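Asks: pasted the sequence and its predicted model underneath.
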Amino acid sequence: MQQIIHLHRRHNRHCALGRQPGSYTAETEEDPRRPVCSCPITASGTLNGVHRRVATKQKTWVDARAMVEPSVEAGDWGAERSPLQLRLAVASKTGVEEAMAMVLRAQEDLNAAVQLLRTYQRSRKRS
């Protein structure tokens, strides 16, 4: 049985586009020519007979999909990934330059050693 999860952006009172607080928009409703607000994306749906609405805490649709992907694959809301695993999952679907930038940001978030970050930056410049 195919599990379907719906992603929607829940707007808050700080919405940069001035949308009504508490209102929702789907990815298809957002105009790609307009700026995107930074309101968080929420996932909702039923997995294995359990309906939930989950705050992904992500601002982009790609990151939100990567966040709920393990739950959909496992058919269970409890499946999770670490922030580094999420970035690597997203990176596998992007170009090399963008993937290297994501790895660098992930290492910075994990407070990697300065020398390690310099090595990543040098390898990024070479490619």
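Replies: Alright, I've got the coordinates.

Asks: list phi and psi for residue 29.
Replies: Per-residue torsions, residue 29: phi -90, psi -20 (degrees, to the nearest 10).

Asks: how many neighbouring residues does it have?
Replies: Neighbour count for residue 29, taken as other CB atoms under 10 Å: 9. For the C-beta atoms, the positions are set from N, CA and C on the backbone; glycine is no exception.

Asks: ok, it to residue 20 distance?
Replies: Residue 29 sits 13 Å away from residue 20, taking CB to CB, to the nearest Å as the criterion.

Asks: per-domain residue ranges of this structure.
Replies: 1-80, 81-127 (automatic domain parsing).

Asks: mean pLDDT added to those, as TSV?
Replies: Formatted as TSV, the domains of the chain follow (pLDDT from 0 to 100):
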stretch	mean pLDDT
domain 1-80	84
domain 81-127	65
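
Asks: helices of this structure, residue ranges please.
Replies: Here the chain has its helices, by DSSP state H, at 61-74, 83-91, 96-109, 114-126.

Asks: which of the residues in the first one are buried?
Replies: Of the residues in helix 61-74, those buried by neighbour count under the rule 16 or more other CB atoms under 10 Å are 61, 63-72.

Asks: from the contact counts, what lies against it?
Replies: strand 5-10, strand 41-47, strand 50-58, helix 83-91 (3 or more CB pairs under 8 Å, 6 or more residues apart in numbering; DSSP states H and E).

Asks: is it possible to get TSV of those that adds mean neighbour count?
Replies: As requested, the helices and strands packed on helix 61-74 are exported to TSV (neighbours: other CB atoms under 10 Å):
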stretch	mean neighbour count
strand 5-10	18
strand 41-47	18
strand 50-58	13
helix 83-91	17
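
Asks: what number of residues lie near the closest residue to residue 75 other than its chain neighbours?
Replies: Computed as CB to CB, 6 or more residues apart in numbering, the closest residue to residue 75 that is not its neighbour in sequence is residue 48, at 4.8 Å. By the criterion of other CB under 10 Å, residue 48 has 11 neighbours.
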